[in-house]
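Visitor: Below are the sequence and a predicted model for it; my questions follow.
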Amino acid sequence: MRKTLEEKGLISKVILLNDQRKLARAEGALAKFVGNQKTAQNAIDEADSRLAEMESRSRMDASEQNAQVLGEIAELRDTIALKDDQISRLSIRSPVTGIVQELQT
């Protein structure tokens, strides 16, 4: 628009050149902001990806630990059952009527 005004002689060439320089600066600043926006978006996407990976790894670790603990609990229950059986066999029972002989302590 200013160019047509300059061609008609309504504004000077200096004003037109100043306006063109300002436009070039504004376009450069816009391009810089767009580039910064893309860089920031890439950083956000990478952070999201790392976060998802960390969450997945944490869930997998928790699941493995849970399975290990459940296995240990099952083992301990088996050991308790075995020890209960051994203890029940250690009990000395006397006949309802009669005498216990040869009891060793």
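Guide: Thanks, I have the structure now.
Visitor: switch to C-alpha atoms for all contacts and neighbour counts from now on
Guide: Noted.
Visitor: Tell me the helices and strands packed up against the helix or strand containing T39.
Guide: Per DSSP states H and E: T39 is located in helix 13-90. Here helix 13-90 touches helix 2-7, going by 3 or more C-alpha pairs under 8 Å, 6 or more residues apart in numbering; DSSP states H and E.
Visitor: just for this structure, where's the confidence low?
Guide: For the chain, applying pLDDT under 70 flags the ranges 1-3, 5-6, 8-10, 91-95, 98, 100, 103-105.
Visitor: can we see that at 80?
Guide: Counting by pLDDT under 80, the chain has low-confidence residues at 1-13, 16, 90-105.
Visitor: middle-most residue in it, spatially?
Guide: Nearest to the mean C-alpha position of the chain, by C-alpha atoms, centre = their mean, lies E55 at 2.5 Å.
Visitor: What separation do you get for that residue and Q68?
Guide: Separation of E55 from Q68 (C-alpha to C-alpha, to the nearest Å): 20 Å.
Visitor: Same check on L16?
Guide: 77 Å.
Visitor: When the two are compared, which one has more neighbours?
Guide: The residue with more neighbours, out of L16 and Q68, is L16; 17 against 12, by other C-alpha atoms under 10 Å.
Visitor: For burial, what's the neighbour tally of R77?
Guide: By other C-alpha under 10 Å, neighbour count at R77 equals 12.
Visitor: Next up, the contacts around it.
Guide: Applying C-alpha atoms under 8 Å, 6 or more residues apart in numbering to R77 gives no contacts.
Visitor: how about 10 Å then?
Guide: 71, 83 (C-alpha atoms under 10 Å, 6 or more residues apart in numbering).
Visitor: D85 now?
Guide: Neighbours of D85 in contact, by C-alpha under 10 Å, 6+ apart: T79.
Visitor: No more questions from me, cheers.
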